[in-house]
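In: sequence below, structure please.
(one chain, ligands or ions: 1)
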Amino acid sequence: MQPFDFTPLNRVVFGPGRLAEIGTLARHQGFQRVLLVADQGVRAAGYVDRARALLEAEGLSVTCFHDFDANPDTAMVEAGAEAARQALADSIIALGGGSSLDTAKGVNFVYTNGAPMKRYWGWGKADRPMLPMIGIPTTAGTGSEAQTYALISDAATHVKMACGDPKAAFRIALLDPELCLTAPPAVRATAGYDALSHAVETWVTTKRNPFSLAYSQQAFRLIHDCFETVLRQPENIEAMGQMLLGSHLAGMAIENSMLGATHACANPLTARYGTVHGVAIALLLRHVVEWNGNPEYGALHADLPLRLLDLAQAAGLPTRLRDAGVSAEHIPALAEAAAQQWTGRFNPRPFDAAGAREIYECAF
Ligand SMILES: [Fe+2]
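Out: The predicted model follows:
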């Protein structure tokens, strides 16, 4: 019997159009001076102006921070903390894709507990209280709004650092599927495939428990059943709602179960080649499922890699490393880097550089 410790993290407010409630939700939480952390895509879609107007209508002051990209790094987060200092922020709202949510958490660490960001690499390194936050994802998605970890790259080395603390949890996750309808098709494809991988990887980690399994399984059902619809029917709000819930549940599964070898092998591709996270995941996931192969799962398991390939193709994602700019001679170095990734420790089959090399070679 595996002992575990489970705490629900946040309140979840779900439904189309519920961004309209952001002003009152924030006011009821006691927010007065908000740092609104939002990526450029969300700003261009007009959501930042909407959120700002709703917050100001409730008497809150709002300072926006947009100076970060798809892979937020320590320098960007430290700049955000400076913006928070200037604004004397007492609260943070993250609006956008996974990068906005992760940046908001990173900014919160540095603003409340001091620089440098690297100090918080690992778990539970923040001693002082952190600001209350609301997370509003606009992609389905990393599920970062359901997690206490921020993935922040070291600006010098590009190594992705998972920085987690129970105080970094969002108080409220506001899940409004309408906001996800404007995501460009490529983002929809990569973010959706990433969410799918979270359901698959968390299902089998060594850290899984009855709660994480419930989240992984329901996340897989929701995402598997509506991913293709979301790709084909950009306006389908029902399907997008299921996808957003699925990615949130998969995020809850990560919080309770961690990830596995797919993420361990994907991170070095992003660090070395700048490969988009969801693309790297799509290149590797089915090979990791095969490599992990557990006869206990029987025929169902044998079908899974084929289905994962189908879905990657449906999403228009590359299916071989060689087609994604990876060169064969880099594989040994990539494998060494993959073996250093913390998340690989939770993989059901013991994972090391030799294993990573086998996985990369299969995916090549
Ligand atoms: Fe991921």
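
In: and the strands in the chain?
Out: Using DSSP state E, the strands of the chain run over 11-14, 33-38, 61-65, 91-96, 122-123, 133-137, 149-153, 160-164, 172-175.

In: output these as a markdown table; include the columns mean neighbour count and mean pLDDT.
Out: Where C-beta positions appear, they are placed from N, C-alpha and C, glycine not excepted. Shown next, in a markdown table, are the strands of the chain (neighbours: other Cβ atoms under 10 Å; pLDDT from 0 to 100):
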| stretch | mean neighbour count | mean pLDDT |
| --- | --- | --- |
| strand 11-14 | 15 | 97 |
| strand 33-38 | 26 | 98 |
| strand 61-65 | 19 | 98 |
| strand 91-96 | 28 | 98 |
| strand 122-123 | 13 | 93 |
| strand 133-137 | 28 | 98 |
| strand 149-153 | 25 | 94 |
| strand 160-164 | 22 | 91 |
| strand 172-175 | 24 | 98 |
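
In: and P332, which of these is closest to it?
Out: Among these, the nearest to P332 by Cβ to Cβ is strand 160-164 (20.1 Å).

In: for the closest one, packing partners?
Out: On a contact count with 3 or more Cβ pairs under 8 Å, 6 or more residues apart in numbering; DSSP states H and E, strand 160-164 meets helix 98-113, strand 122-123, strand 149-153, helix 261-273.

In: pick the most deeply packed of these.
Out: Across the helices and strands packed on strand 160-164, the average number of neighbours (mean count of other Cβ atoms under 10 Å) peaks for helix 98-113, which reaches a mean of 28.

In: what helices or strands is that helix leaning on?
Out: Judged by 3+ Cβ pairs under 8 Å, 6+ apart, helix 98-113 is in contact with strand 33-38, helix 74-87, strand 91-96, strand 133-137, strand 149-153, strand 160-164.

In: how many residues are close by A89?
Out: The number of residues packed near A89 is 27, by other Cβ atoms under 10 Å.

In: that one touches L131, doesn't it?
Out: Yes: here A89 reaches L131: they are 6.7 Å apart, a contact under Cβ atoms under 8 Å.

In: mutual contacts of those two, please.
Out: Y111 (Cβ atoms under 8 Å, 6 or more residues apart in numbering).

In: enumerate every residue touching the closest residue to M117 other than its chain neighbours.
Out: Distances taken as Cβ to Cβ, 6 or more residues apart in numbering place T74 nearest to M117, at 4.2 Å, with adjacent residues excluded. For T74, the contact set (Cβ under 8 Å, 6+ apart) comprises G106, P116, M117, K118, I152, S153, D154, A155.
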